[in-house]
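A.B. asks: show me the folded form of this:
(2 chains)
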Amino acid sequence: MMRMWSIALREYASLFRIPLGWIVVSLFLGVAGVVFSFAAIVPGQPATMRSFFELMWWLLAVIAPAISMRLFSEEMRTGTIEPLLTAPVSEFAVVMGKYGATVLFLLTLLAPTLLYVLALELLSRPDYGPILAGYLGVVLLGMLYLAVGCLASSLTASQPLAFLGTLFVLFLVEAVASFVAPIAPDLVRRFLYALSPSQRLGDFARGLIDTSHVVFFLATSAWMLIVTTVILQSRRWR
Amino acid sequence: MINAQSVSKWFGNVRAVADVSFEVDSGQIVGLLGPNGAGKTTTLRMVTGFLPPSEGRVTVAGHDTIHESIEARRALGYLPEAAPLYPEMRVIDYLRYRSRLYGMTARDRKPAITRVLDRCWLTPVARRRVGQLSKGFKQRVGLAGAMLHDPQVLILDEPTSGLDPTQIRETRSLIRELAHKRTVIVSSHILPEVEKTCDRVLIIARGRLRADGAPEALLAPLKDASAYVAEVPTAASTAARQGIATLAEIQSVELGRVDDAWTWIRVNPKPGAPDLREAIARAVAKSGTLARELRRETPTLEQLFFRIIEAEDPRVAAANAEAGARETGGAKGTGAVGEGGVEAR
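C.D. replies: Take a look at the predicted model:
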C-alpha cells in the first residue's frame, strides 16, 4: 500500500514538474471556462451546468489521453521501467499507483471549476442535485478515459502513439454511437448506445444517478487496469 | 546466492543467450565480459527477473526470479545500463521514492539515504534535479538507488560507462568496498577495469558462456606463451640476437628499432618453457653487450578476450587454427585456454 501510494505521489508530483502538466491544466481550464460562460450563463435560462457537463466528454477525450500517455510509455522509452519493475513491487501496485495519480490529477483539474458553481450561486439559485450528479458523472467518465489511456500507454514506448491511440478509440466509440447507431437495427442500436460513455454522461448531467451507469464506468475502468497489469506481467511469461 | 541453470533467451528467432549456467557465492565480485550484443544485458535482466528466461531458471538468494519474483527482487539491487532516472526529480526525492519502493520503514529510511548519499559522494548535489547532473553523477545516483536497502545481491550493468578516470577509480573502490558481505555482478567492456575489480570473470560471446574463473586462473595458460622483450644497443643487436637464438627453448626471435641507438629483441618461447629471463640475460651478456631492459610480457584479460572473440568469428577462427597448428603442433593454442575453463569450439 505504501509502495502504491509512493508511486502515485511521484507520478502526481512529476506532472507538475514538467511543461505537459501545466499545458494540460491551462488547456482544460481555458476551454472549460469558455464552455461554461457560453453554455451555462445564458440570460433567461435556468441556472444549471447541464450543458457544461454534457460537453465535458469531448474535452476529457482530449485531456485524459494527454495525462495518461506518459504513464508507461515514458518509463519504457527512458528505461526507468527496469528499476521500477525490479523493485519489490507487484505489477498491480504499479498500475494502481500510476492510475491513481492520474485520477488525482483529474480531480485537481476539476477543483477550480467549483468556482463556476459559486458563480451560479451568486447569479441565481442553482439546483445542487444535478450539479453533484454531473460532477460524479464527469469524474467517472474521466476515470474510464484515463484507464483506457493507461492501457494504451502500457502497449508502446511512444507517447504520441499512446495519445493518438487513446484519442482514436475514445472518438471511435462516440462516432459509432452517433452515426451508426441511428441507422442500426434496434438491438444493435441499444448495444451501441450502451457502449457510449457520452450517452451515459448525459443522464448524470440531467441529475440522474443510475446505478448501471456507475457500474459501467467502474467495471470498464477496472477491466482496462486488469488488462494493463496482465500486459506488464506478460513480459515474464511471453 | 545466484544460481543460473542452463538459461536461454530467444527473441523471436534470435537466440540472444544460449544455455548459460553459473553459480555465484556470496561475497564474490563477478565481472561479466563480452563484446556489444553478446548477451550481457539480457543475462543480467534475466538474473533480476525483469526478463524471463525462455529455457532454464534463475534463483536469487534461493528464490526463483519468476515464481517468487517479489522475494527475489527484495534481495536485489539493480543498476541498469545508462542508469535510467527521472530527470525532473531531485536526487534526495528520488532516493526517498526508492526507499519507499523497497518498503523500508520511516525509521530506516533517513539513515539509509544519508549513508548512500555519503558513500556515492552525492551529498553536495542532494537537492539538485537529476536532469541537471553530469553523466558521472547520474551513474552514482543510480548506484545509490540500487544499494539503498542494503541488498544481498548487486547487479551493475556497465557502472563505469561514461565516467572519467578519477570517477572510474572511485567507483571501482566503492564496488570493492560494497562486496564485503554482498554478491556483486558487474558487466563491463573495460577489461583492465574488470581485471582489477573482480574475483571472477565470466566471458560471454554470441550468447554463450566462453570462460568462467578467476582472472589468474584464466590467464595461466596464456602465461606460458608470453614473450620476452630485451632492449640492446643497435650496434650489438645482431650478436645479441644470435646469442639468444642458440637457446634451446626458443621458438622465434624478432628484431625492431626503438631509436637510432637501441633495438628491441622479442623472444617467443616454445610452449611449456620455463622462465627464460635469466637465460636471455646471460646470452646477451655472453654476446659482449648489455640489455638496458629485459621484461616478460604479462598476459592480460584483453588478450584472452580477443582470443575468445576471434575464436567466435569463423574467418578468424580458421586463420587461428592454421596458425595454432603451425606454431604448436595443435597441442596448445585455443586448447590451452580450455584448461582455464574456456570451451574451444
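A.B. asks: centroid residue for chain B?
C.D. replies: B:Val194 (3.5 Å; C-alpha atoms, centre = their mean).
A.B. asks: separation between that residue and A:Leu155?
C.D. replies: 38 Å (C-beta to C-beta, to the nearest Å). For the C-beta atoms, the positions are set from N, CA and C on the backbone; glycine is no exception.
A.B. asks: swap in A:Met143?
C.D. replies: 19 Å.
A.B. asks: try A:Leu172
C.D. replies: For A:Leu172, the distance to A:Leu155 - C-beta to C-beta - is 16 Å.
A.B. asks: of A:Met143 and A:Leu155, who's got more company?
C.D. replies: Counting neighbours by other C-beta atoms under 10 Å in any protein chain shown for A:Met143 and for A:Leu155 shows that A:Met143 has the greater number, 23 against 16.
A.B. asks: secondary structure element for the more buried one?
C.D. replies: helix A:128-155 (DSSP states H and E).
A.B. asks: now that helix: buried residues?
C.D. replies: Going by neighbour count (16 or more other C-beta atoms under 10 Å in any protein chain shown), the buried part of helix A:128-155 is A:130-131, A:133-155.
A.B. asks: likewise for stretch B:35-48?
C.D. replies: Using 16+ other C-beta under 10 Å as the test for burial, stretch B:35-48 gives B:35, B:38-48.
A.B. asks: just the mean pLDDT for that stretch, thanks.
C.D. replies: Across stretch B:35-48, pLDDT averages out at 89.
A.B. asks: can that stretch be found next to chain A?
C.D. replies: Yes. Stretch B:35-48 lies within reach of chain A by C-beta under 8 Å from any C-beta of the partner chain, at B:45, B:48.
A.B. asks: list of residues touching that stretch?
C.D. replies: With C-beta atoms under 8 Å, 6 or more residues apart in numbering or on different chains as the test, stretch B:35-48 has contacts from A:82, A:86, B:2, B:4, B:7, B:9, B:16-18, B:20, B:32-34, B:51-53, B:58, B:60, B:65, B:73, B:76, B:78, B:81, B:155, B:157, B:185, B:187, B:189, B:204-207, B:309.
A.B. asks: again, only using 7 Å
C.D. replies: The contact list for stretch B:35-48 (C-beta atoms under 7 Å, 6 or more residues apart in numbering or on different chains) reads A:86, B:2, B:4, B:7, B:9, B:16-17, B:20, B:32, B:34, B:51, B:53, B:58, B:60, B:65, B:76, B:78, B:81, B:155, B:157, B:185, B:187, B:204-207, B:309.
A.B. asks: and B:Ser252, how many neighbours?
C.D. replies: 12.
A.B. asks: what sits against it?
C.D. replies: Taking C-beta under 7 Å, 6+ apart, we find B:Ser252 in contact with B:Asn268.
A.B. asks: ok, now how distant is it from B:Arg266?
C.D. replies: Look at B:Ser252 and B:Arg266: by C-beta to C-beta, they are 9 Å apart.
A.B. asks: quick check, pLDDT for residue 76.
C.D. replies: Reading this off chain A. pLDDT at A:Met76 comes out at 93.
A.B. asks: wait, I meant chain B there
C.D. replies: pLDDT, B:Leu76: 92.
A.B. asks: so it touches B:Val153, yeah?
C.D. replies: Yes. Counting by C-beta atoms under 7 Å, B:Leu76 touches B:Val153, with 5.2 Å between them.
A.B. asks: between those two, which is the more surrounded one?
C.D. replies: B:Leu76 (25 against 21).
A.B. asks: which residues does that one contact?
C.D. replies: Per C-beta under 7 Å, 6+ apart, neighbours of B:Leu76: A:86, B:48, B:60, B:151, B:153, B:155.
A.B. asks: which one of the residues you listed is nearest to A:Leu218?
C.D. replies: Ranked by distance to A:Leu218 (C-beta to C-beta), those are led by A:Thr86 at 31.6 Å.
A.B. asks: secondary structure element for the residue lying closest to A:Asp210 once chain neighbours are set aside?
C.D. replies: Leaving out its chain neighbours, the residue that sits closest to A:Asp210 by C-beta to C-beta, 6 or more residues apart in numbering or on different chains is A:Asp203, at 5.6 Å. For A:Asp203, the host element (DSSP H and E) is helix A:197-205.
A.B. asks: give me the contact list for that helix.
C.D. replies: So helix A:197-205 is contacted by A:50, A:53-54, A:56-57, A:133-134, A:136-137, A:141, A:144, A:174, A:177, A:193, A:210, A:213, A:216 (C-beta under 7 Å, 6+ apart).
A.B. asks: export the helix or strand containing B:Val47 as PDB, just CAs?
C.D. replies: B:Val47 is part of helix B:40-48 when elements are defined by DSSP H and E. Output of helix B:40-48 as PDB, limited to C-alpha atoms (Å, rounded to 0.1, in the frame of the first residue of the first chain):
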ATOM      1  CA  LYS B  40      25.400  -9.400 -21.200                       C
ATOM      2  CA  THR B  41      22.500  -7.200 -20.600                       C
ATOM      3  CA  THR B  42      20.000  -9.900 -21.400                       C
ATOM      4  CA  THR B  43      21.700 -12.200 -19.000                       C
ATOM      5  CA  LEU B  44      21.600  -9.600 -16.200                       C
ATOM      6  CA  ARG B  45      17.900  -8.800 -17.000                       C
ATOM      7  CA  MET B  46      17.200 -12.500 -16.500                       C
ATOM      8  CA  VAL B  47      19.000 -12.600 -13.200                       C
ATOM      9  CA  THR B  48      17.000  -9.600 -12.000                       C
END
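A.B. asks: how close does the residue nearest the centre of chain A get to A:Val25?
C.D. replies: For chain A, A:Gly142 is the residue whose C-alpha lies nearest the centre (C-alpha atoms, centre = their mean; 2.2 Å). Using C-beta to C-beta, one obtains 14 Å as the distance from A:Gly142 to A:Val25.
A.B. asks: from the chain's centroid, how far away is the helix holding A:Asp203?
C.D. replies: 14 Å (C-alpha atoms, centre = their mean, to the nearest Å).
A.B. asks: ok, and does stretch B:168-185 reach over to chain A?
C.D. replies: No. Stretch B:168-185 lies apart from chain A when judged by C-beta under 7 Å from any C-beta of the partner chain; the minimum separation is 13.5 Å.
A.B. asks: export that stretch as CSV, just CAs?
C.D. replies: Extracted C-alpha coordinates of stretch B:168-185, given in CSV (Å, rounded to 0.1, in the frame of the first residue of the first chain):
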residue,chain,number,x,y,z
ILE,B,168,36.1,5.1,-12.6
ARG,B,169,38.7,4.6,-9.9
GLU,B,170,36.3,5.9,-7.2
THR,B,171,33.5,3.6,-8.4
ARG,B,172,35.9,0.7,-8.5
SER,B,173,36.9,1.2,-4.9
LEU,B,174,33.3,1.6,-3.9
ILE,B,175,32.4,-1.7,-5.6
ARG,B,176,35.2,-3.4,-3.8
GLU,B,177,34.1,-2.0,-0.6
LEU,B,178,30.5,-3.0,-1.2
ALA,B,179,31.4,-6.5,-2.0
HIS,B,180,32.5,-7.4,1.6
LYS,B,181,29.2,-9.0,2.5
ARG,B,182,27.5,-8.9,-0.8
THR,B,183,27.4,-10.6,-4.1
VAL,B,184,28.2,-8.3,-7.0
ILE,B,185,27.9,-8.9,-10.7
